[in-house]
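Enquirer: Provided below are the primary sequence and the corresponding predicted coordinates.
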Amino acid sequence: MRLGIKVSLLLILSFFTFLMVRLTIPYFSFNDQTAFLRIKQWIIHNEIWKVAFYIHVITSCICLMAGFTQFSKTLLFKYPKIHKTAGWVYVGVILLLSGPSGIIMSIYANGGLISQTSFLILSVLWIYFTYQGFNQARKFNFLAHRNFIIRSYALTLSALTLRAWKVALVFFFRPHPMDVYMLVAWLGWIP
């Protein structure tokens, strides 16, 4: 891939990761009236969901940033310990925190069965691809490791693409909010 394209993609990814982290910061106040939580008042009293929500939102940004480092050949070959450490963070956070909390959140997703099914499949695949990427690295099968981690990170990026689709759909079509949510639940990771 040409350097200009790589730099452009890196800048776009950096910008959207920055925006995602910025969206997450207000949740550190643990205020039940913060942003998205205002439309989840029907479930906010469920402590399992609430803990899963905070774990998912906070740790998923770690996944975005740790995964962000994993595709640099410079980092891989010149600083393999950094690559490995960031990889351990990425895998550990997804397998132990973000993925399982995503499964719990999917059960209570807005938009009913359509959205719930999408988020459940997304979470299960996220855990599966991440685990397989880790497992292939342990077996020194680095081509399979790379392919599974690319799939895993593509699903990690669904946090960004979901929001991009939402903005585009609302801007161009102005559909009912719940219709948008059901559409972006699938559009965020399928394409």
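Expert: Good, I have the coordinates. Since this is a predicted model, take the numbers as computed values, not measurements.
Enquirer: tell me the pLDDT at the residue of the chain positioned farthest from its centre?
Expert: Relative to the centre of the chain, the most outlying C-alpha is that of K78, 27.5 Å out, by CA atoms, centre = their mean. Note on K78: pLDDT of 94.
Enquirer: do the one 3 residues further on as well
Expert: pLDDT, the model's per-residue confidence, is 94 for K81.
Enquirer: what do you get for G102?
Expert: 98.
Enquirer: where's it relative to Y181, distance?
Expert: Here G102 is placed at a distance of 16 Å from Y181 (CB to CB, to the nearest Å). (C-beta placed from N, C-alpha, C; glycine too.)
Enquirer: ok, the two, which is more surrounded?
Expert: G102 (24 against 19; other CB atoms under 10 Å).
Enquirer: I'd say that one and L125 touch.
Expert: No: G102 lies out of contact with L125 (CB atoms under 8 Å); the separation is 10.4 Å.
Enquirer: find the centremost residue of this structure, please.
Expert: T156 (3.1 Å).
Enquirer: low-scoring stretches of the chain, by residue?
Expert: 1 (pLDDT under 70).
Enquirer: counting neighbours, what do you get for T117?
Expert: For T117, using other CB under 10 Å, the count is 15.
Enquirer: what do you get for P177?
Expert: With other CB under 10 Å as criterion, P177 counts 13.
Enquirer: all helices of the chain, in order?
Expert: 3-24, 47-68, 73-78, 80-93, 99-107, 112-138, 142-156, 158-173, 177-187 (DSSP state H).
Enquirer: okay, buried residues for the second one please.
Expert: If I follow you right, that is helix 47-68. 49-50, 52-53, 55-68 (16 or more other CB atoms under 10 Å).
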